[in-house]
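>>> let me see the structure of the following:
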Amino acid sequence: MAEVRLTEDAREDLLDLDGAARVIVLKSLKMLQTEPEKRGSPLGSKLSGNLTTFRKLVIGDRDYRIVYRVDLDGSVVVVWVIGRRTDDEVYHLAMSRLRLHPDEAAREFAVALDEIWHG
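From the prediction side, this is the model:
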């Protein structure tokens, strides 16, 4: 069972949703506790930035996206963005948050590398 963590920005995203959308998102976050690496779709690299280590989960009536990253052993899921599908807005938001919080992304990467080398 994976632990689902939300960045502070993602928590704010969740709080900004209306009641019905929040319920749908919370149910989807709960789903990420089991086999998160098999849920959603992998993201890639575009002109707007590189999100190759991230996944997206499409929820609701394809109206919302959760952008998240799973650690290598699948025990922790870090949610970076929760938002409406408005063009590629959630992906641009994910890139801007990565730029604003490089230490958090680096920390996730360091933990993943440590797991590879030390099991």
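
>>> for Val67, give its distance to Asp16.
Using C-beta to C-beta, to the nearest Å, we find Val67 at a distance of 15 Å from Asp16. Glycine gets a C-beta too; all of them are placed from N, C-alpha and C.

>>> the more surrounded of those two?
Neighbours per residue, other C-beta atoms under 10 Å: of Val67 and Asp16, the larger number sits with Val67, 25 against 11.

>>> so the closest residue to Gly49 other than its chain neighbours: helix, strand or coil?
If the residues on either side of it in the chain are set aside, Gly49 comes closest to Met95, at 3.7 Å by C-beta to C-beta, 6 or more residues apart in numbering. Here Met95 takes the helix state, with states given by DSSP: H, G, I helix; E, B strand; the rest coil.

>>> using the three-state scheme, assign Val67.
Remark: Val67 carries the secondary structure label strand [criterion: three-state DSSP].

>>> compute the number of surrounding residues for the residue nearest to Gly49.
When counting by other C-beta under 10 Å, one arrives at 20 neighbours for Met95.
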